[in-house]
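Novice: Build me a structure from this.
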Amino acid sequence: MKKRIFASIFLSSIILTTVAAPSIAVADTYDDQISQKNSEISNLENQQTSTQAQIDTLESQVATINAKSDEVVAQQKVLAAESKQLKQEIADLEVRIEKRTETMKNQARDVQVNGQDTSFVDAVLSADSLSDAVSRVQAVNTFIKANNTLIEQQKEDQEAVKAKEAANSEKIESYQKYQVQLDTQKKELQATQAELAVLKTSLAIQQATKEDEKEALVKQKAEAEAEQKRILAAQAAEAAAKKAAEQAEAKAKEEAEAKAAEQAKAQSNATTTSTTESAVTESNTATSTSKATTTSTVASSSQATTSSSTSTSSVSTTTQVTDTSNTYPVGQCTWFVKNRATWVGNRWGNANQWPASARANGFRVDNSPEVGSVVVFLNGAQYSDATYGHVGYVISVANGVITIEEGNYAGQSYNVRQITTEGTVFIHQN
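Specialist: I've put the predicted structure just below:
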């Protein structure tokens, strides 16, 4: 019996260890996966930081180009104002040139019409005196110089107009080209900036996905750890139940051995009494008359038969018939019910563990009492044991009154009583 229980305990330990080990391994695996997700998230954050730095740099470059562009626009405005002023100066020069040209034409026409040719010779010959000649020569010289100055100034003004027009056109063209370059650079930078913004958004989406995956892993890890705790608690409960079963078995064995010793002693006393009575009968028969010998012999035989019958009756009342396949501790309530309902399985554990074991073996378990069903008292219910529970065998159900047979109750090896359904469940054969 003890070997069978130890084998059952060893097998249960192996099963629980087999169930618990993968759970612990899975919890460790979740830590590795979460660590990997953290690494991926950190990498994505670094990439986003780098991308943002590039975007900031491009924004700074775009701002620089915009500043330069503003300067070019301002210079273009200045050039436009200068060009406007230059055009006015050119218009004024053209007016002066036109006036000088008209003056020179009038002088030439006057010479041709009036024949007034001014020369040094004419001035000297027509002079009245030397001083008059000198005055005339000086006047002619001044006139000639004035004409030459007009001609030179005319040329200078014309060249100045051409130079200013060229310089203004060159500046305008230069700034226009520079503006085109700035616009091109700005567009390129903005395109790159847009690409980086898309990349940053993509990285942010990836990070959000990794965060979701990490959150799912954390949740799964928590569930795995909860399952691990449940299994460890079940192992602890199983260990406590095994220890209690061993103690109950040891106690039951001691009680059974004590009861067997008492039965053997009672049987020995009954046999001694029978032998003594037979000896007395035989002595009385020997001293009787021969006529009564036959009667005495019959009487002696009858007395011997009676004595033998009495001895046999004593043994039968102290010996209980048991199911030879019963593995429960002798004298316990589980042992009694297994003898009464042989369809009950072996090694179902303590009484309070029978419902789960019965379900696992395909038996119906509910709250409906039936004749022939097994009643299970949950811990402490209706004066049952608060640690191991109690079981009995239903022999009658009538008008809501349930009658059961049971063993090891209130110090009695056999008891019949009426119960209620409070704190009970019932196991049925089918």
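
Novice: what about the strands in this protein?
Specialist: 364-366, 374-377, 390-398, 401-406, 415-419, 424-428 (DSSP state E).

Novice: Any buried residues in the last one, and which?
Specialist: The reference is to strand 424-428. Within strand 424-428, the residues scored as buried using 16 or more other CB atoms under 10 Å are 424, 425, 426, 427, 428. Any C-beta I mention is one placed from the backbone N, CA and C, and that applies to glycine too.

Novice: swap in the third one?
Specialist: In terms of neighbour count (16+ other CB under 10 Å), strand 390-398 has its buried residues at 390, 391, 392, 393, 394, 397.

Novice: Which strands or helices does that strand pack on?
Specialist: helix 333-340, strand 374-377, strand 401-406 (3 or more CB pairs under 8 Å, 6 or more residues apart in numbering; DSSP states H and E).

Novice: Give the partner strands of that strand in its sheet and their orientations.
Specialist: Paired neighbours of strand 390-398 in the sheet (DSSP bridges): strand 374-377 (antiparallel), strand 401-406 (antiparallel).

Novice: which residues of the stretch 251-400 of the chain score low on pLDDT?
Specialist: 256, 260, 263-323 (pLDDT under 70).

Novice: now do 80
Specialist: 252-324 (pLDDT under 80).

Novice: Could you pull out the helices in this protein for me?
Specialist: 2-114, 120-125, 130-286, 293-318, 333-340, 354-360 (DSSP state H).

Novice: how is the chain carved up into domains?
Specialist: Here the domain parsing of the chain from automatic domain parsing is 2-236, 331-430.

Novice: Could you say which of the ones you listed is packed most deeply?
Specialist: Highest mean neighbour count among those (mean count of other CB atoms under 10 Å): domain 331-430, with a mean of 18.

Novice: Between the two ends of it, what distance do you get?
Specialist: Start-to-end span of domain 331-430 (CA to CA, to the nearest Å) is 27 Å.

Novice: Which stretch among the helices and strands packed on strand 390-398 approaches residue 147 most closely?
Specialist: Among the helices and strands packed on strand 390-398, strand 374-377 comes nearest to residue 147, with 144.3 Å by CB to CB.

Novice: which residues sit in contact with the spatially most central residue of the chain?
Specialist: Nearest residue to the geometric centre of the chain (CA atoms, centre = their mean): residue 216, 2.1 Å. Counting by CB atoms under 8 Å, 6 or more residues apart in numbering, residue 216 makes contact with nothing.

Novice: Touching, residue 207 and residue 47? I think so.
Specialist: No: the criterion here is CB atoms under 8 Å, and residue 207 misses it with residue 47 at 9.0 Å.

Novice: Might you report the residue contacts of residue 103?
Specialist: residue 150.

Novice: again, only using 10 Å
Specialist: Contact analysis of residue 103 by CB atoms under 10 Å, 6 or more residues apart in numbering lists 146, 147, 150.

Novice: pLDDT wise, what is the closest residue in space to the last one that isn't next to it in sequence at?
Specialist: The spatially closest residue to residue 150, leaving aside those adjacent along the chain, is residue 100, at 5.1 Å (CB to CB, 6 or more residues apart in numbering). Looking at residue 100, its pLDDT stands at 75.

Novice: how close does the residue nearest to residue 41 when sequence neighbours are not counted sit to residue 29?
Specialist: In space, residue 41 comes closest to residue 210 once its chain neighbours are excluded; the distance is 4.8 Å by CB to CB, 6+ apart. Distance of residue 210 to residue 29, computed by CB to CB, to the nearest Å: 18 Å.

Novice: again, but for residue 221
Specialist: 9 Å.

Novice: re the thing from before, closest one to residue 251 among the domains of the chain?
Specialist: The nearest among these, by CB to CB, is domain 331-430 at 8.8 Å.

Novice: you'd agree residue 182 is up against residue 76?
Specialist: No: in this structure, residue 182 is not within contact of residue 76 by CB atoms under 10 Å, at 11.8 Å.

Novice: Pull up the gap between residue 30 and residue 227, please.
Specialist: Residue 30 is 12 Å from residue 227, by CB to CB.

Novice: hang on, I meant residue 390
Specialist: 32 Å.

Novice: What residues does the residue nearest to residue 41 make contact with?
Specialist: Residue 210 touches 36, 37, 38, 39, 40, 41, 42, 43, 44, 45, counting by CB under 10 Å, 6+ apart.

Novice: with the residues you listed in mind, which one is nearest to residue 327?
Specialist: Distance to residue 327, by CB to CB, is smallest for residue 36 among the contacts of residue 210, at 51.0 Å.

Novice: can you tell me which residues contact that closest one?
Specialist: When contacts are counted by CB under 10 Å, 6+ apart, residue 36 touches 210, 213, 214, 217.

Novice: any chance of those in JSON lines, with distance to residue 88 too?
Specialist: Output for the contacts of residue 36, formatted as JSON lines (distance: CB to CB, whole Å):
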{"residue": "210", "distance to residue 88": "70"}
{"residue": "213", "distance to residue 88": "75"}
{"residue": "214", "distance to residue 88": "75"}
{"residue": "217", "distance to residue 88": "80"}
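
Novice: Which of the domains of the chain sits closest to residue 325?
Specialist: domain 331-430 (6.6 Å).

Novice: and the closest one, how far from the chain's centre?
Specialist: 45 Å (CA atoms, centre = their mean, to the nearest Å).

Novice: before we move on, the earlier item: Provide a list of residues in contact with the residue nearest to residue 150.
Specialist: Counted by CB under 10 Å, 6+ apart, residue 100 has contacts 147, 149, 150, 151, 153, 154, 157.

Novice: Against residue 145, how distant is it?
Specialist: 15 Å.

Novice: likewise residue 423?
Specialist: When residue 423 is compared with residue 145 (using CB to CB), they lie 144 Å apart.

Novice: cool, residue 257 as well?
Specialist: Counting by CB to CB - residue 257 and residue 145 are separated by 162 Å.

Novice: likewise residue 203?
Specialist: From residue 203 to residue 145 the distance is 84 Å (CB to CB).

Novice: now residue 378
Specialist: Using CB to CB, residue 378 is found at 141 Å from residue 145.

Novice: what do you get for residue 101?
Specialist: Residue 101 is 19 Å from residue 145, by CB to CB.

Novice: now swap in residue 245 and tell me
Specialist: Counting by CB to CB, the gap from residue 245 to residue 145 is 145 Å.
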